[in-house]
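*Asks:* Provide a 3D model corresponding to the input given below.
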Amino acid sequence: MVLTKSSIQIHAVTTPEENEMFLDVPSIVYANDSHWVAPIRSSIAKQFTPTNPFFNYGKLQQFIAVSQDKGAKPLGRIVATVNQHLIEKEGQNVGLFGYFECIQDFEVAQALLSTACEWLRQQGMTVVRGPIDLSTHNNCFFLVDGFDSPPMMMTPYNPRYYPEFIERDGWHKAKDAYAYDFPLDKPLPTEFEKAYRIACKSGVNFRPIRTKGEGFETDAIAIYHLFNRAFANNWSSTPRSEAEFMEEANELQSLVDPDVFPIAEYNGEMIGFFMGLPDYNIALKHLNGKFNWLGILKFLWYRRQIDQGRVIVICSLPEYRRKMVALALIYLGMKGGIQKGKPYKRAELGYIFEDNFPSRKLTEASGGKIYKTYRIYEKAL
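*Replies:* Modelled structure (predicted):
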């Protein structure tokens, strides 16, 4: 498929050379952005290989925008996705767009979005939603507020003009989500330590995640099943296969700090966890997306500068709410982060959807303040 608009051509990515151009786009868009952290190039490329378990239940098409004025220079990119699991869950033909990057030119953005929508329309989709990279378990959202600080690990970042461009193209807000800032120089309210004591007296056991060998694999599989059980009704989300989850878990295994990853168990069954990770973006920023031997050396050197962390998930089964498991996990996770010898000075918790009021209330009670807002958009086809 080739769409030509003035000096812009939109190509479907079909060759290795076009795929390299697709992967080059972010380095062009963010060339002068001091906050941007380049994703690991090989990790992004791997998501489009036939071995990705996504292709067992979905299909996609990559597109690139290319300038014809002075040679084939990449100007932008987008991926249109059909996730059959999401269609089955929602009962409507909802398609996705993701991996969107674009220079500051509305004509380029509009051409990319139009091309993705047309491909999805040809697949029988009636609604398109995004940005979502294949599923909400991957990168998703546009940042719409909070551009004054770099992104933490595994969070989206984009130029300010992306929301402006997509709204100008007729898209509307589907849902917002928030990231919360936690300065770690203030103690948690006393209710959190009391909750921990109540949970312990109620028979709940707490321990750090195991990070090696069979212990890690056992914990990761238990987290996978618990996550699917606890978040089965999350908006626009579908369960990953165990293979997908374990692939990501194995990538994160060496990065886990068990002191900020407590697990709750009751009668030997995992019932909750607090997933905190050091903000490795501080080190990754120096790699320019290349995790080769030099990149590894840089990563090992700069990881010593990490002084903040990200809380990705606080999970607790609702039937154990009266045992104060969620508050106890927050207490242990925060306590682990500020103990002697730890470098963490602040933490981020997110995402929390704007209409998830129980989680927002708990987060705000523990001292969190909204400091970034993210948005997913929709459009009828």
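
*Asks:* would Ala328 count as being in a strand?
*Replies:* No: the assignment for Ala328 by DSSP: H, G, I helix; E, B strand; the rest coil gives helix, which leaves it out of any strand.

*Asks:* how many neighbours does the closest residue to His35 other than its chain neighbours have?
*Replies:* Take His35 and drop its neighbours on the chain: the residue closest to it by Cβ to Cβ, 6 or more residues apart in numbering is Pro150, 4.3 Å away. In short, each C-beta sits where N, CA and C put it, glycine included. For Pro150, the neighbour count with other Cβ atoms under 10 Å is 16.

*Asks:* Also Val313?
*Replies:* Val313 has 15 neighbours, counted by other Cβ under 10 Å.

*Asks:* these two touch, right, it and Ala230?
*Replies:* No: at 9.0 Å, Val313 and Ala230 do not qualify as touching, with contact defined as Cβ atoms under 8 Å.

*Asks:* residue ranges of the strands in this protein, please?
*Replies:* Using DSSP state E, the strands of the chain run over 2-5, 8-12, 58-67, 73-83, 94-102, 127-130, 142-145, 172-183, 204-208, 262-266, 269-278, 308-316, 346-353, 369-380.

*Asks:* Can you give me the buried ones in the fourth one?
*Replies:* For strand 73-83, burial by neighbour count (16 or more other Cβ atoms under 10 Å) applies to 74-83.

*Asks:* Show me which positions of stretch 95-102 end up buried.
*Replies:* Counting neighbours by 16+ other Cβ under 10 Å, the buried set in stretch 95-102 is 95-102.

*Asks:* Please apply the same query to stretch 311-320.
*Replies:* Going by neighbour count (16+ other Cβ under 10 Å), the buried part of stretch 311-320 is 311-312, 314-317, 320.

*Asks:* hmm, who's touching that stretch?
*Replies:* Outside of stretch 311-320, the residues that reach it under the criterion Cβ atoms under 8 Å, 6 or more residues apart in numbering are 154, 182, 204, 226-227, 229-231, 260, 264, 266, 271-277, 325-326, 329-330, 333, 347-350, 359, 362.

*Asks:* mind redoing it with 7 Å?
*Replies:* Among residues not part of stretch 311-320, those counted as contacts by Cβ atoms under 7 Å, 6 or more residues apart in numbering are 154, 226-227, 230, 264, 266, 271-277, 325-326, 329-330, 333, 347-349.

*Asks:* same thing with stretch 374-381?
*Replies:* Outside stretch 374-381, the residues that reach it (Cβ under 7 Å, 6+ apart) are 117, 120-121, 125-130, 132, 140-144, 156, 163, 166, 170-177, 351.

*Asks:* circling back to that earlier point, the residue nearest to His35 reaches Ser34, doesn't it?
*Replies:* No: with contact defined as Cβ atoms under 7 Å, Pro150 does not count as touching Ser34 (8.0 Å).

*Asks:* And Thr15, how far from Arg197?
*Replies:* Using Cβ to Cβ, to the nearest Å, Thr15 is found at 62 Å from Arg197.

*Asks:* try Ile166
*Replies:* Taking Cβ to Cβ as the measure, Ile166 falls 48 Å from Arg197.

*Asks:* More neighbours: which of the two?
*Replies:* Ile166 (25 against 12).

*Asks:* ok, now which ones touch the more buried one?
*Replies:* With contact set as Cβ under 7 Å, 6+ apart, Ile166 has these partners: Tyr377.

*Asks:* can you give me the helices in this protein?
*Replies:* All helices of the chain, identified by DSSP state H, fall at 16-29, 41-46, 84-90, 106-122, 161-168, 190-201, 213-230, 242-252, 281-284, 293-302, 325-338, 357-365.

*Asks:* and those helices as CSV, adding mean pLDDT and distance to Ser7?
*Replies:* Formatted as CSV, these follow (pLDDT from 0 to 100; distance: least, Cβ to Cβ, whole Å):
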stretch, mean pLDDT, distance to Ser7
helix 16-29, 95, 16
helix 41-46, 93, 27
helix 84-90, 94, 36
helix 106-122, 97, 9
helix 161-168, 97, 18
helix 190-201, 95, 59
helix 213-230, 93, 47
helix 242-252, 89, 40
helix 281-284, 93, 35
helix 293-302, 87, 36
helix 325-338, 94, 52
helix 357-365, 92, 46
